[in-house]
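Student: okay, here's the prediction I keep looking at, along with the sequence it came from:
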Amino acid sequence: MTAAAPAIRRAEVTAGRGAPRLYYILLFGFFSGLPLALSGLTLRQWLTESGVTLGLIGATANIGLAYSLKFLFAPILDRTLPLGLGRRRGWLIVAQIALVVSCVALAGSTPARHPALTLLVAGVLAFSSACQDISIDAWRIEWYPVAVQGEALAAYVWGYRIAMLVSGSGAIALASFLGWHGSLLVMAALLACGPVLSLLAPEPAVHVSTVRGAEAFIAPLREMLKRPGIWAVLAFIALFKLGEALASPMAPSFYHAMGFNRLQVAEVLSLPNLFAVLAGSATGGVLVAKFGARKSLFATGFIQMAAMGLYFLLALYPGSVPILYTKVVVENFAEAMADTCFLSFLSAQCRVEFTATQYALLSSVAALGLRTIGGFSGVIAADLGWVGFYGVAIFTALPAMLVMRRFLWREPAVS
């Protein structure tokens, strides 16, 4: 099979369907982002107010492993459930029902008396959320034509980010009026709309892989590793987010060291940050539609590197609120723009037979920097100081762009 065959077949699958309906992926993005804070930020706030020990609160970080390890169970979701709903919608509805049930169970738990049970239920919620994410990513890649993937991802990010505000700061604020149990029940009611959307959404008509058992795990990896230039592709994917993986975890400490209080940081990270992300995602989608994922990614990658230079400006003028706003808005606009192009590139590397497995695998490779090098960001910052640290963070973003310029400017392994 030629390198372009999967892309051609995907174009054939999506032909004749009329204008792409982006409102589906906008809403899917909302339901994908809604559970994230419920097992993260919102849960930790509830545990803190319940008097749970710091050790148990710290253990909530392990709940997020379900998102990092989703490539291990993604092959199961590449098979079809005997529900008569299709491969993608069948798994989506199962995952979404599990999300509603686990959120209701979380609302009924009492962390002050049974914190371990609360964490267990939150773990089930995170696992169900990871399953939903796998199915939504696969549905998006299989349903939308290649030329529309950038726009689809922009719409997805819009829905995702809005949902994170709803289940994060929104749920916490709602708890002041309804209590934690009432607030979480409202979140469960919102999640209950997810299966309705899945029933209304179309099922992608793609070839279903016939591999079973252990071969379901091996075949997607084997197919990918046989492609010409795949190691350059994987190296680029692993390196692209490295600079961000170093810089982002230290941002709150950096703001504190620059003399900003909690309220100032909270204000700039709310609506200004959201608008920057939404605008950046939309711009990235337009760039991908006009120039393709590779050229757009190459350009926005350098823009993202340049935006990180604003850390230096803030270090020179500590306590400057206008510079803080400029830094956060510009950086998040650039990151959202680059992320949309990057995810479009990842989507193009997936064959339709193994969409769920291969996308989960590639997204896990992309997170390697955050899960490994990112853990040393505090040590590096302490040793080098803020100026030296962010200089290193910018430098670590350069190798990915050199790999792309050298190996990936040509026709990629699949797209």
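Tutor: Nice, I can see it. Everything numeric in this text was worked out from a predicted model, so none of it was measured. Numbering: from 1, shown residues only.

Student: tell me which residues touch residue 301, please.
Tutor: Contacts for residue 301 were tallied using Cβ atoms under 8 Å, 6 or more residues apart in numbering; they are 240, 338, 397, 400, 401, 404. Heads up, the C-betas are built off the backbone N, CA and C, glycines and all.

Student: ugh, wrong one, I meant residue 282
Tutor: Neighbours of residue 282 in contact, by Cβ under 8 Å, 6+ apart: 154, 158.

Student: doesn't residue 347 make contact with residue 153?
Tutor: Yes - in terms of Cβ atoms under 8 Å, residue 153 counts as a neighbour of residue 347; the distance is 7.5 Å.

Student: which residue, other than its chain neighbours, is closest to residue 38?
Tutor: Using Cβ to Cβ, 6 or more residues apart in numbering and skipping the chain neighbours, the partner closest in space to residue 38 is residue 167 (5.3 Å).

Student: tell me how many other residues surround the one you found.
Tutor: When counting by other Cβ atoms under 10 Å, one arrives at 27 neighbours for residue 167.

Student: and the helices in the stretch 1-150 of the chain, which stretches?
Tutor: Here the stretch 1-150 of the chain has its helices, by DSSP state H, counting those that start in this stretch, at 5-14, 22-38, 41-49, 54-59, 65-68, 70-77, 87-108, 115-143, 149-165.

Student: break the chain down into its domains, please.
Tutor: In terms of domains, the chain is parsed into 5-200, 215-408 (source: automatic domain parsing).

Student: mutual contacts of residue 153 and residue 347, please.
Tutor: Both residue 153 and residue 347 are contacted by residue 140, under the criterion Cβ under 8 Å, 6+ apart.

Student: flag the shaky bits of the stretch 51-200 of the chain, pLDDT-wise.
Tutor: 58, 61, 82 (pLDDT under 70).

Student: next, the contact list for the residue nearest to residue 220 when sequence neighbours are not counted, please.
Tutor: Nearest residue to residue 220, sequence neighbours excluded (Cβ to Cβ, 6+ apart): residue 354, at 3.6 Å. Going by Cβ under 8 Å, 6+ apart, residue 354 touches 75, 78, 209, 219, 220, 223.

Student: now which of the residues you listed would you call buried?
Tutor: Neighbour counting over the contacts of residue 354 (16 or more other Cβ atoms under 10 Å) leaves 75, 78, 209, 219, 220, 223 as the buried ones.

Student: okay, the residues you listed in a markdown table with distance to residue 368 next?
Tutor: As requested, the buried ones among the contacts of residue 354 are exported to a markdown table (distance: Cβ to Cβ, whole Å):
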| residue | distance to residue 368 |
| --- | --- |
| 75 | 20 |
| 78 | 23 |
| 209 | 26 |
| 219 | 23 |
| 220 | 18 |
| 223 | 21 |
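
Student: return the closest of those with respect to residue 193.
Tutor: When the buried ones among the contacts of residue 354 are ranked by distance to residue 193 (Cβ to Cβ), residue 78 comes first, at 26.0 Å.

Student: skip the chain neighbours and tell me the closest residue to the closest one.
Tutor: Excluding the flanking residues, the one nearest residue 78 by Cβ to Cβ, 6+ apart is residue 356, at 4.7 Å.

Student: measure how the helix or strand that neighbour falls within sits relative to helix 115-143, angle-wise.
Tutor: Assigned by DSSP states H and E, residue 356 belongs to helix 355-366. Here helix 355-366 runs at an angle of 110 degrees relative to helix 115-143 (axes from the mean of the first three to the mean of the last three Cα atoms, to 10 degrees).

Student: model confidence over helix 355-366, on average?
Tutor: Confidence for helix 355-366, expressed as mean pLDDT, is 84.

Student: do the same with stretch 205-213
Tutor: If you average the pLDDT over stretch 205-213, you get 60.

Student: separation between the residue nearest to residue 78 and residue 136?
Tutor: The spacing between residue 356 and residue 136, counted by Cβ to Cβ, to the nearest Å, is 10 Å.

Student: same drill for the two, tell me which one is more crowded.
Tutor: Neighbours per residue (other Cβ under 10 Å) separate residue 356 from residue 136, with residue 356 holding more: 31 against 26.
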